[in-house]
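**Q** next come a sequence and a model predicted from it.
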Amino acid sequence: MRNDIETIRDVVLRERKLAVSDREWKHRLRGYGYAIRESETGRYVTSVLRGNDLCALMG
């Protein structure tokens, strides 16, 4: 059984492959309720509604 973090990461990375730019990718993610937060330590998937980090983005 897959855990939530793996599922979120798979959706985010799949949408990145389908998008032609970072801007489009981030727009597509909003439809799922996700956003990307960039920091010095890397990218993180965050919840649009709650604003909290859901997982680190690898890949």
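**A** Sure thing, it's come through.

**Q** which elements pack onto whichever helix or strand Trp25 is part of?
**A** Assessed by DSSP states H and E, Trp25 sits inside helix 22-30. Judged by 3 or more Cβ pairs under 8 Å, 6 or more residues apart in numbering; DSSP states H and E, helix 22-30 is in contact with helix 4-18, strand 34-39. For glycine as for every other residue, the C-beta is placed from the backbone atoms N, C-alpha and C.

**Q** burial count for Leu57?
**A** Neighbours of Leu57 under the rule other Cβ atoms under 10 Å: 17.

**Q** ok, it touching Thr46?
**A** No - the criterion here is Cβ atoms under 8 Å, and Leu57 misses it with Thr46 at 10.1 Å.

**Q** overlap of the contact sets of the two?
**A** Ile36 (Cβ atoms under 8 Å, 6 or more residues apart in numbering).

**Q** how near is Thr46 to Tyr32?
**A** 12 Å (Cβ to Cβ, to the nearest Å).

**Q** ignore the last one, Glu24
**A** Glu24 sits 14 Å away from Tyr32, going by Cβ to Cβ.

**Q** related to what we said a few turns ago, nearest to Asp53, out of the helices and strands packed on helix 22-30?
**A** Closest of these to Asp53 is strand 34-39, at 6.8 Å (criterion: Cβ to Cβ).
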